[in-house]
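Colleague: starting from these lines, generate the structure:
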Amino acid sequence: AQEITIPDGVTAINDYAFGNCTSITKLTLGDNVTSIGDSAFSGCSNIADITFPQSLITIGDYAFEDCTSITKLTLGDNVTSIGYRAFADCRNVTNITLPKSLIIVGNYAFENCNALLNVYYKGNVGDWCNIEFGSDDWNWQASANPLCYASALYINGIKATDISIPSGVTKINDYAFYNCESITSVYIPNSVTTIGNGAFEDCDNLSSVSMNGVTEIGDGAFAGCSSISKLKIGNKLQKIGGSAFSACSSIKSIVLPETVSDIGAYAFGYCYNLASINIPYGIKKIENSTFYECYRLENVVLPETVTEIGGNAFTYCGDRYYHFTTVTIPNSVKIIAYDAFGTEAYEYDSIIINCPQGSYADEFAQNRGIKVSYYNKVVKIEVVKNPEQTVYAVGSGLITTGLKLNIITDDGNTKIITDGYEIGEYDFSTAGV
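Modeller: Residues are numbered from 1 along each chain as shown. Model (predicted):
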């Protein structure tokens, strides 16, 4: 067993300086060390105690990889960067303390730190949102954030549960709160315009989300947040990334603002209890698997801006034992993937395609053996005097007297309504109004 103390006169520890020195059990770094080189202490499997100085700024790639005896990491208050795989395979670390100064954490920095329980951060929530956690093209979260393994985040000693992002923050960086099991709610102010990829992915206990000024939600931002039941989206949102709300199995209803123009693949896939959602005017394509396995989905009305429906977009929607899912498809749709509703009858036997007779969607439904119903587009609604009878209500809200409605559709027919109770709440929502 050997205890190593780096003298105060040393400012840098070079690459591979003590690599695989398994005899080291305790390491104290001198007060003037500013950088630790690549693989400087990698493979020192018996180091159990490390003292990091306040002078330390950078920790290199693989610096402490496979130091399997370390149980606690407390970094100095001036560290700005942690390199690629810097603490990978430190399998017995249970607690990590990170400084406010931290700016960037490299890919796989904490890979296989499976014993991690808590992450302690000395900055505030806004500072944490600005840390850049690395990723790569094939493994998007890449174990850069220690929360990949830890169950709780502590901000200045306080457990992060009800999170309120400070005003002034403009972006929540990629994977910022990835897998943070301690979070139960999050409030995102008007100043935040972007939520990064995987920012809240797999936050199992997150139940309430409120966002006001967000314009873009990244890929997988809330994927796997199985407890979200309250979701408030402001009126500025434009883009919803792929898998953004995938597997949010407690969400029952989503109201999207008309500003949304782009919804990514799998955006709402595996939302098993999602029953109601609107598709904003301006959406051009329903991407692949957008609503895959949304068993409880009831009525989906596609606006006339939609021209294409991708593969598996509505596969396994509906449940033949409980209810059907009706998808209203306008004349504008000219491309429907062969497997948009599944490839086998049991995958789409709870689907009803509601469309104009003779449309592309009608032909598709007939060829695939999917149930179909028809509607004609309302081109004009006339309100005229009707002294002979009182109309008490139209739908659930409008109350008037002495009027009748002429509903004129694109086939030239006119339906005359003199009794408000002839009109249901959702009649016009599937009529192309």
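Colleague: contacting residues around stretch 269-282?
Modeller: 243, 245-261, 263, 268, 286, 289-306 (CB atoms under 8 Å, 6 or more residues apart in numbering). Where you see a C-beta, it was placed from the backbone N, CA and C, and this is true even at glycine.
Colleague: which ones among those residues map onto strands?
Modeller: Secondary structure from DSSP state E places 253-254, 263, 286, 299-301 of the contacts of stretch 269-282 in strands.
Colleague: now the two most distant members of those.
Modeller: Using CB to CB, those reach their maximum pairwise distance at 253 and 286, which is 18.7 Å.
Colleague: which of these two has more residues huddled nearby?
Modeller: Neighbour comparison, residue 253 and residue 286: the larger count goes to residue 286, with 27 against 12 (by other CB atoms under 10 Å).
Colleague: my guess is residue 5 contacts residue 24. True?
Modeller: No - if you go by CB atoms under 8 Å, residue 5 and residue 24 don't touch, sitting 10.9 Å apart.
Colleague: between the two, who's got more neighbours?
Modeller: Neighbour count, other CB under 10 Å: between residue 5 and residue 24, residue 24 has more, with 20 against 11.
Colleague: how close does the closest residue in space to residue 71 that isn't next to it in sequence get to residue 161?
Modeller: Distances taken as CB to CB, 6 or more residues apart in numbering put residue 92 closest to residue 71, at 5.3 Å, once the chain neighbours are dropped. From residue 92 across to residue 161, the span is 27 Å (CB to CB, to the nearest Å).
Colleague: what bits of the stretch 251-400 of the chain have low per-residue confidence?
Modeller: Within the stretch 251-400 of the chain, the segments meeting pLDDT under 70 span 320-322, 377-379, 386-400.
Colleague: just the helices in it please.
Modeller: 345-348, 360-368 (DSSP state H, counting those that start in this stretch).
Colleague: report the buried residues of the shortest one.
Modeller: By neighbour count, with 16 or more other CB atoms under 10 Å as the criterion, the buried positions of helix 345-348 are 347-348.
Colleague: go on, the longest one?
Modeller: Within helix 360-368, the residues scored as buried using 16+ other CB under 10 Å are 360-362, 364-365, 368.
Colleague: so which of those would you say is closest to residue 171?
Modeller: Closest approach to residue 171 among those (CB to CB): residue 361, at 39.6 Å.
Colleague: helix/strand/coil for residue 126?
Modeller: At residue 126 the chain is in helix, as set by DSSP: H, G, I helix; E, B strand; the rest coil.
Colleague: what number of residues lie near the closest residue to it other than its chain neighbours?
Modeller: Leaving out its chain neighbours, the residue that sits closest to residue 126 by CB to CB, 6+ apart is residue 166, at 4.1 Å. Neighbour count for residue 166, taken as other CB under 10 Å: 13.
Colleague: which strand residues bridge residue 372?
Modeller: Beta bridges link residue 372 to residue 353, judged by DSSP bridges.
Colleague: which residues does it contact?
Modeller: 352-355, 362, 365-366.
Colleague: now, which of the residues you listed sits nearest residue 206?
Modeller: Within these, distances to residue 206 taken as CB to CB reach their minimum at residue 352, with 34.1 Å.
Colleague: tell me, how many residues neighbour the closest one?
Modeller: When neighbours are counted by other CB under 10 Å, residue 352 comes out with 18.
Colleague: tell me how far it lies from residue 385.
Modeller: 38 Å.
Colleague: for residue 117, same thing?
Modeller: 74 Å.
Colleague: try residue 267
Modeller: Taken as CB to CB, the span from residue 267 to residue 385 is 47 Å.
Colleague: between these two, tell me which one has more neighbours.
Modeller: Neighbour count, other CB under 10 Å: between residue 267 and residue 385, residue 267 has more, with 25 against 8.
Colleague: list the residues that contact residue 316.
Modeller: Per CB under 8 Å, 6+ apart, neighbours of residue 316: 292-295, 342, 347.
Colleague: among those, who's most crowded?
Modeller: Ranking these using other CB under 10 Å puts residue 294 first, with 25 neighbours.
Colleague: quick one: that one and residue 267 touch, right?
Modeller: No - Residue 294 is beyond contact range of residue 267, at 10.8 Å (criterion: CB under 8 Å).
Colleague: what's the neighbour count on residue 245?
Modeller: 26.
Colleague: over to residue 173?
Modeller: Neighbour count for residue 173, taken as other CB under 10 Å: 21.
Colleague: wait, what's in contact with it?
Modeller: Residue 173 neighbours (CB under 8 Å, 6+ apart): 129-133, 196, 199.
Colleague: let's see that with 7 Å instead.
Modeller: 129-133, 196 (CB atoms under 7 Å, 6 or more residues apart in numbering).
Colleague: likewise residue 384?
Modeller: Counted by CB under 7 Å, 6+ apart, residue 384 has contacts 403-404, 406.
Colleague: just these: which are in strands?
Modeller: 403-404, 406.
Colleague: can I get those residues in TSV including neighbour count, pLDDT and distance to residue 51?
Modeller: Listed next are the ones in strands among the contacts of residue 384 as TSV, based on neighbours: other CB atoms under 10 Å; pLDDT from 0 to 100; distance: CB to CB, whole Å:
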residue	neighbour count	pLDDT	distance to residue 51
403	18	70	83
404	18	72	86
406	13	75	84
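Colleague: pick the one among these closest to residue 17.
Modeller: The closest of the ones in strands among the contacts of residue 384 to residue 17 turns out to be residue 406 (CB to CB; 87.4 Å).
Colleague: the residue nearest to residue 126 should be in a strand, yeah?
Modeller: No - counting by three-state DSSP, residue 166 is not part of a strand but coil.
Colleague: would you confirm that residue 414 contacts residue 405?
Modeller: No - with contact defined as CB atoms under 7 Å, residue 414 and residue 405 do not form a contacting pair (10.0 Å).
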